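> Below is the sequence, then the predicted model.
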Amino acid sequence: MKYWRLLRVGLTRKKFRTALTIGSFAVAMLLFGLLVVVRGAFNQGVTVAGADRLVVINRVSLIQPLPYAYRDRMQRIPGIKEITFADWFDGIYIDERHSFFARMAVDTATYRQMYTEFKVPDDQWKAFLDDRQGAIAGTDLIKRFGWKIGDRIPIKGTIFPGAWEFNLRGIYEGARPEDDRTQFWFHYDYLNEGGRAGFMKDMVGWYVVRLQNPDDAPQVVKAIDDMFANSPWETKTDTEQSFAAGFVKQTGNIEFLILSIGAVVFFTLLLVTGNTMAIAVRERTPELAILKALGYSNRFILFYVLAESLSIALIGGLIGLTAAKVLAPSLKALLQGVLSLVYLPVSAMISGTGVALLIGAMAGLIPALTASRLRVVDALRKL
């Protein structure tokens, strides 16, 4: 700290250029933070997938159903601990713009036990079970629409036509920051009894299987698919992580495009910023020579120049990352539920700070080495 004043004078020597350099760093790190947010949102399902859960869908596609009777047959397979199921319910709430959120008819007897990371108060869950038209929504969905417990929520069905009415009986919270809080659950029986007809009766969208031992996944996957091979409703079973990764691949082009463009802009900004910092240091070579003439060592000059470069990088990096942290909720609101997980984790902020310091060190290293090795007589000739 004894050299703080000298460092401050160096940083404020040309205030406007220092401010612009810090601003460039801040913009670059803001972009870095937003790229981390977008990448995390696309990969949410993969990161939160349960290691002991399998997803069973129709071999043709996810939108094709499976018989309800498959549940009892799968339960007899060795290695399976418990089974639940759900079905996608497509519909319109208010208008098309507000309709993008996950609506699922779930097995109320087993769904809560399968997804223990979703926390619902016991009294709210009981109220949900007691109401055939009851529904539970995630906290993010509650904030988005301003719902409260007891609200009547009308949704116009598309796949299952008609005016569907739901009573909000509970609100769930995620146990982890990355858990999806944008889902809307209601009774499968309500859908099965009121919306299905003909061959769709007693059909479900997909099954989720919990294993007794995650290491048994390959054997159980094979056993399930072999059991229903050559049937009218063949299955395709994957670990929950692989299933989620499949969704990421479907949007991979969009993710790749966003990340590629962002990465190019990010590194361009860093190169420009690093070059500006290097020029600023080189311009001060005569002043650094004077310090050496006053008795400061080569090592001191080296660390002094690096300290200036790292200070600019650190200040700009922290400003940019803080801005990304603050803007993440606004980005989530702007996307209107398209990406459910939109936040900047602390680990990413730490990594971003490290990147900023690394770039600052790289930008200042060569000028610092040059200044530390400079002969005083040669430098003073430039005055």
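Thanks, I have the structure now.
> Okay, now the sheet partners of the longest strand seen in the chain, with direction.
Looking across the chain with DSSP state E, the single longest strand is strand 162-174. Note on strand 162-174: by DSSP bridges, its sheet partners are strand 118-119 (antiparallel), strand 134-138 (parallel), strand 152-157 (antiparallel).
> how far is the second one from where the chain is centred?
Using CA atoms, centre = their mean, to the nearest Å, the distance from the centre of strand 134-138 to the centre of the chain it belongs to is 23 Å.
> Stretch 8-22 too?
35 Å.
> For the stretch 151-300 of the chain, which segments count as strands?
152-157, 162-174, 183-187, 203-204, 206-211, 235-239 (DSSP state E, counting those that start in this stretch).
> Packing partners of the fourth one?
Which is strand 203-204. Strand 203-204 is packed against strand 66-67, strand 80-88, with contacts defined by 3 or more CB pairs under 8 Å, 6 or more residues apart in numbering; DSSP states H and E. In this view, the C-beta of every residue, glycine as well, is placed from N, C-alpha and C.
> Would you convert those strands into CSV that also reports mean pLDDT, mean neighbour count and distance to residue 294?
Shown next, in CSV, are the helices and strands packed on strand 203-204 (pLDDT from 0 to 100; neighbours: other CB atoms under 10 Å; distance: least, CB to CB, whole Å):
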stretch, mean pLDDT, mean neighbour count, distance to residue 294
strand 66-67, 94, 18, 82
strand 80-88, 94, 19, 75
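> Turn those into JSON lines, including distance to residue 234.
Formatted as JSON lines, those follow (distance: least, CB to CB, whole Å):
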{"stretch": "strand 66-67", "distance to residue 234": "9"}
{"stretch": "strand 80-88", "distance to residue 234": "17"}
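> end to end, how far does stretch 104-121 reach?
Terminal residues of stretch 104-121 lie 20 Å apart, using CA to CA, to the nearest Å.
> Show residues contacting that stretch.
48, 53, 82-89, 125, 128-129, 136, 138, 170-176, 179, 183-192, 205, 208, 210 (CB atoms under 8 Å, 6 or more residues apart in numbering).
> run the last query once more with 6 Å
With contacts defined as CB atoms under 6 Å, 6 or more residues apart in numbering, stretch 104-121 is touched by 84-87, 89, 129, 170, 172-173, 175, 179, 185-188, 191, 208.
> how is the protein carved up into domains?
4-44+252-380, 60-233 (automatic domain parsing).
> Lowest mean pLDDT across those domains, which one is that?
The minimum mean pLDDT among the domains of the chain belongs to domain 4-44+252-380 (a mean of 76).
> Excluding sequence neighbours, find me the nearest residue to residue 88.
residue 205 (5.2 Å; CB to CB, 6 or more residues apart in numbering).
> give the contact list for that neighbour.
Contacts here follow CB under 6 Å, 6+ apart; on that basis residue 205 touches 86-88.
> Just give me the closest of those residues to residue 103.
Nearest to residue 103 among the contacts of residue 205, counting by CB to CB, is residue 88 at 7.2 Å.
> re earlier: which of the strands paired with strand 162-174 sits most buried?
strand 134-138 (a mean of 24; mean count of other CB atoms under 10 Å).
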